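Asks: coords please:
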Amino acid sequence: MSDQLFQQLIDSIVLGKVDEAGSLTQKALDQNIAAMTTVEKALIPAMAIVSEKYEKKEYYLPQMLISSDAFYAAFNLLKEEIKASGVSGSKGKIVCGVVEGDVHDIGKNLVKTVLEANGFICVDMGRDVPVEDYLDAVAKEKPDFLLLSTLMTPTMLSMKRTVEGLSEEGTREGVKVMIGGGPISWDFAKKIGADFYGDNEKEALRWANSEIGK
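Replies: Now for the predicted structure:
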């Protein structure tokens, strides 16, 4: 029964049916399906489909935004349970955001919520964040990690400029840089000097946990 429910939720998000996405998510909660299970089985696959359609130009920005609205209708119902199921206290601090020129923040928000649920403090810079703002935040907040996200190929160079800026400001050694998003790869991460590339929130959490205390 849950597989059918998950497929219906995937379809509702892909098609941008906001009310239906919310009601199906509430149905999953009423059936005592764990929030992260719904995220992993429905929300992530749905947005993977949407991202693929966007890359293939089957979807354009209006369709992407409508699907995003449906995603958040579901995700906002789940995030409090995700946080409540996490551990208390702080393992470390993370500054996170979507790089300058990009407004697609679904991936960043999902990673942020999972990290917060597992004991990390996240300073969310939002989306379309200029390089200078990241540099200022790292200097001010002194985080353990800087998480940069983008879904668009043209904005990838903002990641490179941010890492270079950290070196120029003398703050690079004090922070580990994690990057992610649709067009990102390990090769690109190594090329710009980032410490880690994560394909999903599980990988981001696993790596952050492994790096604390090093």
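Asks: model confidence over the helix ranked longest in the chain, on average?
Replies: For the chain, the longest helix by residue count, based on DSSP state H, is helix 61-84. Mean pLDDT, helix 61-84: 86.
Asks: The very next helix or strand once past it pairs with which strands, and in what direction?
Replies: Counting by DSSP states H and E, the next helix or strand C-terminal to helix 61-84 is strand 92-98. In its sheet, strand 92-98 lies beside strand 120-124 (parallel), strand 145-149 (parallel), with partners assigned from DSSP bridges.
Asks: elements contacting the helix or strand just after strand 92-98?
Replies: Following strand 92-98 in sequence order, the next helix or strand is helix 106-117 (DSSP H and E). Applying 3 or more Cβ pairs under 8 Å, 6 or more residues apart in numbering; DSSP states H and E, we find helix 106-117 packed against helix 44-55, helix 61-84, strand 92-98, strand 120-124, strand 145-149, helix 201-211. (Each C-beta comes from the backbone N, C-alpha and C, glycine too.)
Asks: Walk me through the domains of the chain.
Replies: With automatic domain parsing as the criterion, the domains of the chain are listed as 2-84, 92-211.
Asks: Would you check that Y197 makes contact with S185?
Replies: Yes: between Y197 and S185 there is a contact under Cβ atoms under 8 Å: 6.6 Å.
Asks: got the contact list for the residue nearest to K53 when sequence neighbours are not counted?
Replies: Closest residue to K53 in three dimensions, ignoring its sequence neighbours and counting by Cβ to Cβ, 6 or more residues apart in numbering: Y59, at 3.9 Å. Y59 sits next to 50, 53, 67 when contact means Cβ atoms under 8 Å, 6 or more residues apart in numbering.
Asks: at 10 Å what do you get?
Replies: Applying Cβ atoms under 10 Å, 6 or more residues apart in numbering, one finds that Y59 lies in contact with 14, 16, 49-53, 65-67.
Asks: what about this protein, any weak spots by pLDDT?
Replies: 1, 86-90, 213 (pLDDT under 70).
Asks: Provide a list of residues in contact with the residue nearest the centre of it.
Replies: The chain has K108 as the residue nearest its centroid, 2.2 Å off, counting by Cα atoms, centre = their mean. The contact partners of K108, by Cβ under 10 Å, 6+ apart, come to 96-99, 102, 122, 124-127, 147-151, 180-181, 201.
Asks: what bridges to the nearest residue to it once chain neighbours are set aside?
Replies: Distances taken as Cβ to Cβ, 6+ apart place S149 nearest to K108, at 4.2 Å, with adjacent residues excluded. Beta-bridge partners recorded for S149 (DSSP bridges): V98, G180.
Asks: S149 reaches I94, doesn't it?
Replies: No: in this structure, S149 is not within contact of I94 by Cβ atoms under 10 Å, at 12.0 Å.
Asks: List just the one of the helices and strands packed on helix 106-117 that sits closest to N32.
Replies: Within the helices and strands packed on helix 106-117, the stretch nearest N32 is helix 61-84; the backing value is 10.7 Å (Cβ to Cβ).
Asks: on that earlier part again, looking at the helices and strands packed on helix 106-117, spot the one closest to L5.
Replies: helix 61-84 (11.7 Å).
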